[in-house]
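Asks: Fold the following for me, if possible:
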Amino acid sequence: MTHDMVATLRPLLAAEASAEAYASGAEQSDLEQAVWLRLLERLEKDRPPVDPQGWLRRAVRSEARRSRRTARRELPYGSEPADDRGAGPEQEAMTADRRRTLHAAVRRLPGRCPNLMAALLSPEDLTYREIAGELGISQGSLGPERSRCLGCLRRLLTAEVAAR
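Replies: Next up is the predicted model:
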């Protein structure tokens, strides 16, 4: 029975893991391996799933959520002490100056553009849904609004660079 269940679930697991892997930022094979391990643990306790296909779908989604939560909590290491390839103080100063110039230009944009561009530039990396909810506009209008605001910002920065 176990061999038949594994053979039946293999293509479904591959399809489900493939669909969830991209959104969760995990590797498809990692999701598959985690679900196979969950299934083996259940079978060792003599608790085979009553609805194997439904259980498998829920297990893949659960592992994908776990993977997303883990990825959010993991922080990259800072630069290594012996790593001298990082930006020097001059480069950091220039980057900070560019960032100040950009944010100053964003604040001078017309209409809803300053709020929209500030949300897009936010270090919180908001989704379109979150930005739309925060600004009180429909998610479908964000793309055209963003394009219009970027055009205004481009013209504003081009004129500013030319004036220098």
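Asks: Show me the protein divided up by domain.
Replies: Annotated domains of the chain cover 2-72, 94-163 [automatic domain parsing].
Asks: Residues touching stretch 134-149, excluding its own?
Replies: 109, 112-113, 115-117, 119-120, 126, 128-129, 131-132 (CB atoms under 8 Å, 6 or more residues apart in numbering). C-betas here are computed from N, CA, C, even on glycine.
Asks: mind listing the helices for this protein?
Replies: Using DSSP state H, the helices assigned to the chain run over residues 2-24, 28-44, 52-73, 89-107, 113-121, 128-135, 142-163.
Asks: Make CSV out of those and add mean neighbour count and mean pLDDT.
Replies: Listed next are the helices of the chain as CSV, based on neighbours: other CB atoms under 10 Å; pLDDT from 0 to 100:
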stretch, mean neighbour count, mean pLDDT
helix 2-24, 15, 84
helix 28-44, 16, 89
helix 52-73, 16, 87
helix 89-107, 12, 88
helix 113-121, 18, 91
helix 128-135, 15, 90
helix 142-163, 13, 86
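Asks: coming back round to it: same list as before, the domains of the chain that is, but in TSV and with distance to Ala87 included.
Replies: Formatted as TSV, those follow (distance: least, CB to CB, whole Å):
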stretch	distance to Ala87
domain 2-72	25
domain 94-163	7
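Asks: To Gly88, which of those lies closest?
Replies: Distance to Gly88, taken as CB to CB, is lowest for domain 94-163 among the domains of the chain, at 10.0 Å.
Asks: how far does the closest one sit from the chain's center?
Replies: 19 Å (CA atoms, centre = their mean, to the nearest Å).
Asks: for stretch 92-109, same thing?
Replies: 25 Å.
Asks: Give me the contacts around it.
Replies: Residues outside stretch 92-109 that contact it (CB under 8 Å, 6+ apart): Ala87, Cys113, Pro114, Met117, Ala118, Leu121, Cys149, Cys152, Leu153, Leu156, Leu157, Glu160.
Asks: repeat that for 10 Å
Replies: The contact list for stretch 92-109, computed with CB atoms under 10 Å, 6 or more residues apart in numbering, reads 86-88, 113-118, 120-121, 148-150, 152-154, 156-157, 159-161, 164.
Asks: same deal with stretch 153-164?
Replies: Stretch 153-164 is touched from outside by Thr101, Leu102, Ala104, Ala105, Val106, Arg108, Leu109, Pro110, Cys113, Pro114, Met117, with contacts defined as CB under 10 Å, 6+ apart.
Asks: Taking those together, which two end up most distant?
Replies: Thr101 and Pro110 (18.3 Å).
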